[in-house]
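J.: Predicted structure and sequence below. I'll ask about it afterward.
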Amino acid sequence: INANNTLAVRYQDVEVGLDNQGAGGFNLPSTAYNQNTTERTLQATETAVLGPNLINETRLQYMRSTSAYSGFGNSPSISVQGAFTSGSATVGNSSNINNRWELSNSTTLIHGTHSIKWGGRLRQSFNNDTAATNFNGTFTFLGGQGETLDANGQPVPGTSEALTGLQVYQLTLLLQQKGYSAAQIRAAGGGASYFSLGAGTPLTRVSQFDIGLFANDDWRVSPNFTLSYGLRYETQTNIHDYGDWSPRLGIAWGLDGRAGKPAKTILRAGFGIFYDRVADTNTLNAIRYNGVTQQSYLISNPDFFPNVPTLSSLAASVQPQTIQLLASDLKAPRTYQANVGVDRQLNKYVRLSANYIVSRGVHLLRQTDANAPYPGTNVYPYGDDTVRMLTESVGFSRTSQLFINPTVNYKKLFLFGFYSLSYGKDDNEGL
């Protein structure tokens, strides 16, 4: 822009289209669907030299990512055990549109032996997710026992033979063509084994905003000793956790360094608290799987194949829903981390580095069934047997890591070695 201001703008457009996914093997061509994903990113960075020792940088990013799954037709899926799956794709016409923007600003000031930096970051996301999985319904045919057919394709009462899923399906079609009633087809060993259906509101929306502020100083106390210290604050919407302060402290000490003589042994140590944001997908799932937004139905031995009944007629067949809940006192997961390391120049060509890191994670996200029956009883906390998966920030982890890195740089030869030893445990696996 001018001698003191620089503006850099970058735009990226990525689009991937995959046709006829899901077909192959036991899945017939009618089950195929098309998948299309896009990611468009606009980034702008403005750097301003405000003085001989003062620089300000502003960054803005906008990203729009989409994914879409489109099936062909709206007929129910037909799954015949051990034979084939036909009908429309169960994925339906599902999609996700995610818009995100991020604005950050930082200022760096060099003042004597201090390098001071402060700034902040604002982020917001808008997540629009449409899930229409199995909204067309699925008929499942399993094997079983059925009556033997005579030469004219008529069931012989009183006979019995084992039928595969394919034979049950073929028998159902044959007897339907002959005008048999649903009860007669069932008595002969035909008919679908199950019918499942997803229903409700496909679209779920959620937005999330978070902010982070920081200030830190690298203070060169002496030519061979630097002290780094700082403080960061973070918070976000969708959870009620407003006390996420994270101090940082570190040192770099040239143990044998003197004026005009570089140190051969450098000691580094530090401590900090680091936060992870609770993803907006946790809130989205809690809205979608609240037992009302979407429902699933399952009917055993349905007698309406190949027709899909109305939802009102299926009301009594609503499956127990798995409800997803968020704890009211949910907190941002955090890690307390400390490290100490030594770099030693052994001679002109060989250098050895050793680093030890210990981390403790608290308030990690973990799911538990909040409606599990009391031990030794059939009594449920909520009074019914509905599974209620509660996401809580009660997880814990502890890790210890040792890294040793020797390097050799001799003329045109460069050798690098790496050894690590790690130990860890946690109680939030699977999430």
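T.: Structure's in. What do you need?
J.: C-alpha only now, for contacts and for neighbours.
T.: Will do.
J.: Helix or strand: which one has the residue nearest the centre of the chain?
T.: The chain has Thr281 as the residue nearest its centroid, 7.4 Å off, counting by Cα atoms, centre = their mean. Assessed by DSSP states H and E, Thr281 sits inside helix 280-288.
J.: for that helix, packing partners?
T.: strand 203-222, strand 323-326 (3 or more Cα pairs under 8 Å, 6 or more residues apart in numbering; DSSP states H and E).
J.: Could I get the pLDDT score of the residue of the chain most remote from its centre?
T.: Going by Cα atoms, centre = their mean, the residue of the chain most distant from its centre is Ala151, 57.4 Å out. For Ala151, the pLDDT comes out at 82.
J.: Ok, the one 5 residues further on next?
T.: Here, the pLDDT recorded for Val156 equals 87.
J.: if I read this right, it contacts Thr148, doesn't it?
T.: Yes: using Cα atoms under 8 Å, Val156 is in contact with Thr148, at 5.6 Å.
J.: More neighbours: these two, which one.
T.: For Val156 versus Thr148, neighbours defined as other Cα atoms under 10 Å are more numerous around Thr148 (19 against 13).
J.: residues in contact with that one?
T.: Pro155, Val156, Thr159, Ser160, Glu161 (Cα atoms under 8 Å, 6 or more residues apart in numbering).
J.: same question, Val14
T.: Thr38, Glu39, Arg40.
J.: The second one: neighbouring residues, count only.
T.: Translated: Glu39. Other residues lying near Glu39 total 16 when counted by other Cα under 10 Å.
J.: cool, the first one as well?
T.: Thr38 is surrounded by 15 other residues when neighbours are defined as other Cα under 10 Å.
J.: ok but it is inside a strand, no?
T.: Yes: counting by DSSP: H, G, I helix; E, B strand; the rest coil, Thr38 is part of a strand.
J.: Okay, helices next: where are they in the stretch 151-300 of the chain?
T.: Residue ranges of the helices in the stretch 151-300 of the chain, as given by DSSP state H, counting those that start in this stretch, are 165-177, 182-187, 280-288.
J.: need those in CSV with distance to Ser77 and mean pLDDT, can you?
T.: Listed next are these as CSV, based on distance: least, Cα to Cα, whole Å; pLDDT from 0 to 100:
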stretch, distance to Ser77, mean pLDDT
helix 165-177, 13, 94
helix 182-187, 20, 93
helix 280-288, 23, 95
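J.: Deepest in the core, which of those helices is it.
T.: helix 165-177 (a mean of 19; mean count of other Cα atoms under 10 Å).
J.: Could you give the separation of it from the chain centroid?
T.: 42 Å (Cα atoms, centre = their mean, to the nearest Å).
J.: Which strands and helices lie in contact with that helix?
T.: strand 77-80, strand 138-141, strand 144-146, helix 182-187.
J.: Now, the contacts of Thr148 that are in strands?
T.: Glu161 (DSSP state E).
J.: Could you dump the contacts of Thr148 into JSON lines with distance to Val362 added?
T.: Shown next, in JSON lines, are those (distance: Cα to Cα, whole Å):
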{"residue": "Pro155", "distance to Val362": "66"}
{"residue": "Val156", "distance to Val362": "68"}
{"residue": "Thr159", "distance to Val362": "65"}
{"residue": "Ser160", "distance to Val362": "62"}
{"residue": "Glu161", "distance to Val362": "60"}
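J.: Which one (most neighbours) among the contacts of Thr148?
T.: Counting by other Cα under 10 Å, top hit in those: Pro155 with 21 neighbours.
J.: ok, what's across the strand from that residue?
T.: Leu149 (DSSP bridges).
J.: State the distance from it to Leu175.
T.: Distance, Pro155 to Leu175, by Cα to Cα, to the nearest Å: 9 Å.
J.: again, but for Asp13
T.: From Asp13 to Leu175 the distance is 55 Å (Cα to Cα).
J.: Repeat that for Thr377.
T.: From Thr377 to Leu175 the distance is 48 Å (Cα to Cα).
J.: hang on, the earlier thing: now the helices of the stretch 151-300 of the chain as TSV including distance to Pro223?
T.: What follows is these, written out as TSV (distance: least, Cα to Cα, whole Å):
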stretch	distance to Pro223
helix 165-177	81
helix 182-187	90
helix 280-288	47
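J.: of all the ones you listed, which lies closest to Gly120?
T.: Proximity to Gly120 (Cα to Cα) singles out helix 280-288 among the helices of the stretch 151-300 of the chain, at 20.9 Å.
J.: looking at it, Gln345 is touching Ala354, isn't it?
T.: No: judged on Cα under 8 Å, Gln345 makes no contact with Ala354 at a distance of 11.9 Å.
J.: before we move on, the earlier item: closest to Val206 out of the helices of the stretch 151-300 of the chain?
T.: helix 280-288 (5.9 Å).
J.: number of nearby residues for Thr201?
T.: A total of 14 residues lie near Thr201 under the criterion other Cα under 10 Å.
J.: same thing with Gly153?
T.: Applying other Cα under 10 Å, I find that Gly153 has 12 neighbouring residues.
J.: likewise Glu46?
T.: 16.
J.: so it is in which element?
T.: Using DSSP H and E, Glu46 falls in strand 33-51.
J.: Any buried residues in that strand, and which?
T.: Tyr33, Asn34, Gln35, Thr37, Glu39, Thr41, Gln43, Thr45, Glu46, Thr47, Ala48, Val49 (16 or more other Cα atoms under 10 Å).
J.: just stretch 256-269 next, same as before
T.: Neighbour counts over stretch 256-269 (16+ other Cα under 10 Å) mark Gly257, Ala263, Thr265, Ile266, Leu267, Arg268, Ala269 as buried.
J.: wait, doesn't the fourth one sit right on Arg344?
T.: Yes: the pair Ile266 and Arg344 passes the contact test of Cα under 8 Å, sitting 6.6 Å apart.
J.: re the thing from before, mind putting the helices and strands packed on helix 280-288 in TSV, mean pLDDT included?
T.: TSV is the format used below for the helices and strands packed on helix 280-288 (pLDDT from 0 to 100):
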stretch	mean pLDDT
strand 203-222	97
strand 323-326	93
